[in-house]
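>>> Coordinates only, no sequence provided:
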């Protein structure tokens with residue numbers, strides 16, 4: 001049997017001195033959330049199962065550790081028991097506190113709801129078990145009979161029986177309606193006594209026919225529901241006592257965890273184990289996912305995780321064919337019937353004629369929280385006519401039972417459908433809350449903001465990566481509970497969610513330097529929660545729960561309030577630009593997020609960009625921001641990084657995919673990017689974010705397009721080719737914008753020329769690969785993309801050295817056509833040279849005679865001889881004709897500003913073109929060609945003389 005390893009993430013701090021704690025875990029109805037608690041932590045945490053990197057929601061109302069959790073069958077009410085002796089109820093999933101439903105004199109150890117959710121059983125170190133009416137909070141009955149601490153409670157799914165177990169290993173089988181003991185099974189379970197991190201428990205099968213109890217032989221013993229007789233046991237490879245067990249939703253499988261720190265999955269019908277998983281610590285609690293094939297686990301150290309596919313895919317799913325059990329206990333009824341209901345609600349008041357029909361006067365509150373529709377109660381009353389006496393062996397007729405079960409199943413299917421979940425807002429560079437640990441409120445290319453929670457306040461520190469350039473910022477004591485921050489060179493902004501009696505959210509800005517002594521400011525938002533923040537050169541922005549985008553000046557002046565088109569996902573800022581990501585529509589049924597982005601210029605109050613934000617199907621947005629060059633970038637949960645470019649009317653290019661690295665055990669937490677590198681922190685799975693202490697180490701990964709496997713095996717060269725093309729297009733766009741605004745473009749011209757030179761080098765290497773791979777048509781296409789004459793000549797020398805004379809002839813013809821076009825003053829756009837249909841010189845003037853070898857012939861070349869790819873140094877070592885070395889050194893690859901280009905030679909002297917009525921000067925304003933030789937003398941030669949010399953040189957070498 002294959003042993004897999006599942007890594008757990010921390011949810012709660014360890015017990016005293018690093019000891020063990022008893023921890024609890026639950027799923028919600030749809031499997032979207034996981035609820036955890038620990039006996040060493042007073043907080044309950046609600047985790048997002050789909051987006052584990054999202055900050056979990058904290059529910060903190062207990063004064064001491066939480067020892068027990070229970071979720072009502074309709075998943076609208078959460079109950080918690082604590083060492084502080086109290087039992088509390090909350091709305092779920094919101095987590096709003098409802099009431100202290102009861103108190104004990106000693107710590108609570110176990111909680112359980114009945115099938116209808118109208119009754120909660122609570123017990124602990126006290127002697128009795130309280131059966132509490134959840135509708136009005138009254139105590140229906142106290143069951144007494146145990147001599148030790150009660151650690152496990154379970155209602156029979158048919159609401160006839162009730163079972164409990166204590167720390168001495170004694171199980172009591174109760175009849176629920178009269179509250180009497182049917183059977184007392186002493187010492188059948190392991191005795192736990194003072195070990196509160198491993199408590200005895202028991203569980204009814206989903207159909208209610210079996211009661212499972214941990215046995216004394218490291219096994220699980222099954223008892224009959226009516227007689228409490230031992231039927232069979234599950235015994236396998238557990239070498240220490242079983243401390244927790246959980247039935248699958250359909251009752252076909254069972255998961256057991258033992259003190260031997262392993263989980264075993266059992267096929268109950270076959271009485272054999274089918275899979276197992278070992279852990280580093282004892283598993284305290286487990287819960288099967290309501291839909292699908294997954295098991296949530298939490299260990300005694302407070303670390304939780306999800307075991308995907310614990311049941312082999314070849315076997316029936318654990319959630320397939322879930323039994324529909326008819327309940328004979330209290331049910332939820334329609335609100336219209338409340339006036340006719342009994343006001344007592346006590347189990348002791350239920351007569352033979354009223355079982356299952358009694359209502360309570362205060363039923364309205366719980367009914368509003370129920371997910372059942374109005375027809376549910378009517379269906380129950382009309383079709384589930386309960387018998388006056390509870391008799392476990394009396395069954396409804398098969399036809400009627402099947403009809404009722406089928407209709408209830410259909411109603412449940414309609415009830416449990418919910419729309420796919422929309423991604424919640426997040427702050428780029430922030431990490432989730434981790435109890436007792438420092439976390440990042442912000443981490444970017446400039447520095448980081450960290451927070452450490454203490455009792456009643458937090459300690460916030462700001463650090464810069466370059467300590468020599470960044471200012472020294474003193475630490476801050478935070479009493480607001482900030483959960484998000486943004487950082488730039490000028491200051492930092494903080495925000496917190498709604499809290500306090502007035503439900504207020506706080507936004508605070510702290511500049512790093514100011515001429516005034518009190519330049520810090522804050523804003524309070526009542527009944528409105530800040531969801532994301534961003535900073536620019538002179539502005540602060542915050543997006544809120546009311547879909548407002550609030551923009552402030554850095555002095556605190558409220559400048560703009562914009563209404564967003566949908567709920568905000570995140571905000572980022574750079575200089576004057578503010579990028580906003582929002583939901584454009586609900587999520588797709590496949591859990592695909594529908595997002596859109598906007599880029600606003602705060603200084604000019606304009607919108608520069610707007611469009612849809614693409615994501616990998618089934619993923620969500622994990623990071624969003626600007627590159628060092630000002631390009632927008634996004635990173636999704638599937639590991640795909642995209643950058644925005646103006647090409648094709650504005651498109652997102654995938655420049656990195658983690659799947660190409662083939663390292664499934666690594667997750668990449670993005671910090672930023674530049675033109676060629678991705679800056680990230682590599683996290684080992686299952687962690688998707690780093691720890692704040694020690695300081696994480698940045699890893700630089702090369703940007704790499706997810707290219708298809710090339711028939712040349714030159715994916716790296718093709719990647720460089722596409723990347724340089726993309727960067728060149730962006731630079732050309734900047735040149736056009738600066739020229740249109742009348743700004744100097746000299747420095748940008750130098751940058752463009754550098755990229756053009758790098759692009760030519762890449763193309764030359766691709767040409768060499770094509771020649772070696774016998775892809776001559778592709779090589780011809782590539783030579784047309786070279787931007788400089790020197791590069792084309794280098795390509796001709798290359799194919800000549802590879803003994804491809806016909807290809808060299810084609811390359812020479814291409815060079816002639818380009819030089820003729822330049823001589824006529826034509827402007828050529830980058831990547832759009834029309835060499836397949838060039839402008840012929842004969843259309844303008846008579847073409848001078850050329851050597852016969854220069855005439856293009858339709859000759860099919862012979863297969864070339866293979867040779868290794870030559871390297872191309874910057875300085876060409878081959879001899880050149882004296883008037884060809886300093887000819888036209890480069891073509892204008894990109895159209896900077898639309899204007900006629902004059903033809904000059906490199907040194908600036910104009911030369912007449914033979915047989916042409918007038919001179920056509922061409923001027924080149926870019927830097928000198930790094931591939932060309934330097935010359936100390938001024939050379940004057942005509943254009944066609946240069947062409948003839950080049951052709952003569954090529955012919956001679958052949």
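Cool, the structure landed. Just so it is clear, the model here is predicted, and its values are computed rather than measured.
>>> Report the rounded mean pLDDT for stretch 31-50.
Stretch 31-50 shows an average pLDDT of 92 in the prediction.
>>> can you check stretch 629-638 too?
The average pLDDT within stretch 629-638 is 93.
>>> Quick check: the gap between residue 172 and residue 300.
Applying Cβ to Cβ, to the nearest Å, the value for residue 172 to residue 300 is 27 Å. In this view, the C-beta of every residue, glycine as well, is placed from N, C-alpha and C.
>>> the more surrounded of the two?
For residue 172 and residue 300, the more surrounded residue by other Cβ atoms under 10 Å is residue 300, and the numbers stand at 26 against 22.
>>> which residues does that one contact?
Listed by Cβ atoms under 8 Å, 6 or more residues apart in numbering, the contact set of residue 300 reads 20-23, 197-198, 281-284.
>>> In JSON lines: those, plus pLDDT.
Shown next, in JSON lines, are the contacts of residue 300 (pLDDT from 0 to 100):
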{"residue": "20", "pLDDT": "85"}
{"residue": "21", "pLDDT": "90"}
{"residue": "22", "pLDDT": "91"}
{"residue": "23", "pLDDT": "93"}
{"residue": "197", "pLDDT": "72"}
{"residue": "198", "pLDDT": "77"}
{"residue": "281", "pLDDT": "90"}
{"residue": "282", "pLDDT": "91"}
{"residue": "283", "pLDDT": "93"}
{"residue": "284", "pLDDT": "92"}
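>>> Out of the residues you listed, which end up buried?
By neighbour count, with 16 or more other Cβ atoms under 10 Å, those hold 20-23, 197-198, 282-284 as buried.
>>> Can you tell me which of the residues you listed is nearest residue 148?
Distances from residue 148 to the buried ones among the contacts of residue 300, taken as Cβ to Cβ, are shortest for residue 198 (14.2 Å).
>>> does the closest one count as helix, strand or coil?
coil (DSSP: H, G, I helix; E, B strand; the rest coil).
>>> Hmm, residue 243 and it touching each other?
Yes - judged on Cβ atoms under 8 Å, residue 198 makes contact with residue 243 at a distance of 4.4 Å.
>>> Common neighbours of these two, please.
In terms of Cβ under 8 Å, 6+ apart, residue 198 and residue 243 are both contacted by the residues 259, 282, 284.
>>> Just the ones of those in strands?
residue 284 (DSSP state E).
>>> any chance of the shared contacts of residue 198 and residue 243 in CSV, plus distance to residue 265?
Below are the shared contacts of residue 198 and residue 243 laid out as CSV (distance: Cβ to Cβ, whole Å):
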residue, distance to residue 265
259, 18
282, 17
284, 18
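>>> from the shared contacts of residue 198 and residue 243, which is closest to residue 773?
Nearest to residue 773 among the shared contacts of residue 198 and residue 243, with distances taken as Cβ to Cβ, is residue 282, at 60.0 Å.
>>> surely the closest one meets residue 257?
Yes - counting by Cβ under 8 Å, residue 282 does reach residue 257; the two are 7.2 Å apart.
>>> Check the burial of residue 232 by counting its neighbours.
Using other Cβ under 10 Å: residue 232 sits among 13 other residues.
>>> Ignore what I typed, I meant residue 697.
By other Cβ under 10 Å, neighbour count at residue 697 equals 8.
>>> Which residue is the nearest non-sequential neighbour of it?
Spatial nearest neighbour of residue 697, chain neighbours left out: residue 681 (7.0 Å); criterion: Cβ to Cβ, 6 or more residues apart in numbering.
>>> in the stretch 601-750 of the chain, which spans are helices?
Assigned by DSSP state H, counting those that start in this stretch, the stretch 601-750 of the chain shows helices spanning 715-740, 746-772.
>>> Give me the distance from the shortest one to the chain's centre.
Taking Cα atoms, centre = their mean, to the nearest Å, one finds the center of helix 715-740 at 30 Å from the center of the full chain.
>>> Would you mind getting the angle between it and helix 746-772?
Between helix 715-740 and helix 746-772, the angle comes out at 150 degrees (axes from the mean of the first three to the mean of the last three Cα atoms, to 10 degrees).
>>> name the helices or strands packed onto helix 715-740?
When contacts are defined as 3 or more Cβ pairs under 8 Å, 6 or more residues apart in numbering; DSSP states H and E, helix 715-740 packs onto strand 640-645, helix 746-772.
>>> which stretch among those comes nearest residue 550?
For residue 550, the closest of the helices and strands packed on helix 715-740 is strand 640-645, at 25.1 Å, according to Cβ to Cβ.
>>> Now do that closest one and helix 715-740, the angle between them.
Per the same axes, to 10 degrees, the angle that strand 640-645 makes with helix 715-740 is 30 degrees.
>>> In terms of secondary structure, what does strand 640-645 contact?
Applying 3+ Cβ pairs under 8 Å, 6+ apart, one finds that strand 640-645 makes contact with strand 632-636, strand 651-657, strand 666-673, helix 715-740.
>>> Same list (the ones you listed) but as JSON lines, adding mean neighbour count.
Formatted as JSON lines, the helices and strands packed on strand 640-645 follow (neighbours: other Cβ atoms under 10 Å):
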{"stretch": "strand 632-636", "mean neighbour count": "23"}
{"stretch": "strand 651-657", "mean neighbour count": "19"}
{"stretch": "strand 666-673", "mean neighbour count": "22"}
{"stretch": "helix 715-740", "mean neighbour count": "18"}
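>>> could you redo these as TSV and give each row distance to residue 688?
Shown next, in TSV, are the helices and strands packed on strand 640-645 (distance: least, Cβ to Cβ, whole Å):
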stretch	distance to residue 688
strand 632-636	11
strand 651-657	16
strand 666-673	5
helix 715-740	27
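>>> ok, which stretches of the stretch 551-700 of the chain are strands?
Secondary structure of the stretch 551-700 of the chain, counting by DSSP state E, counting those that start in this stretch: strands at 558-563, 568-574, 577-585, 594-601, 606-613, 621-626, 632-636, 640-645, 651-657, 666-673, 677-684, 699-702.
>>> Highest mean neighbour count out of these?
Comparing the strands of the stretch 551-700 of the chain by mean neighbour count (mean count of other Cβ atoms under 10 Å), strand 568-574 comes out on top with a mean of 25.
>>> Name every strand pairing with it and say which way it goes.
Its sheet considered, strand 568-574 pairs with strand 577-585 (antiparallel) by DSSP bridges.
>>> Tell me which residues are up against the strand it pairs with.
422-423, 534, 536, 539, 541, 543, 547, 549, 551, 564-573, 593-602, 608, 612-613, 621, 624-626, 630, 632.
>>> what do you get if the cut-off is 6 Å, keeping everything else the same?
422, 534, 541, 564-572, 594-602, 624 (Cβ atoms under 6 Å, 6 or more residues apart in numbering).
>>> Poorly predicted segments of this structure, please.
1-4, 15-17, 194, 196, 326-419, 500-502, 825-958 (pLDDT under 70).
>>> shouldn't residue 680 be in contact with residue 668?
Yes - counting by Cβ atoms under 6 Å, residue 668 is a contact partner of residue 680 at 4.5 Å.
>>> measure residue 13 to residue 39 for me?
With Cβ to Cβ as the criterion, residue 13 and residue 39 are 11 Å apart.
>>> Compare neighbour counts for those two and give me the winner.
residue 39 (27 against 17).
>>> how near is the closest residue to the more buried one other than its chain neighbours to residue 656?
Nearest residue to residue 39, sequence neighbours excluded (Cβ to Cβ, 6+ apart): residue 65, at 4.0 Å. Distance of residue 65 to residue 656, computed by Cβ to Cβ: 44 Å.
>>> which element is the closest residue to residue 224 other than its chain neighbours on?
Leaving aside its chain neighbours, residue 224 sits nearest to residue 231 (5.8 Å; criterion: Cβ to Cβ, 6+ apart). Assigned by DSSP states H and E, residue 231 belongs to strand 230-234.
>>> Show me what that strand is packed up against.
If contacts are counted by 3 or more Cβ pairs under 6 Å, 6 or more residues apart in numbering; DSSP states H and E, strand 230-234 sits against strand 220-224.
>>> Each with direction, which strands does the strand it packs on pair with?
Partners of strand 220-224, by DSSP bridges, with direction: strand 210-214 (antiparallel), strand 230-234 (antiparallel).
>>> Right, I'll call it a day here.
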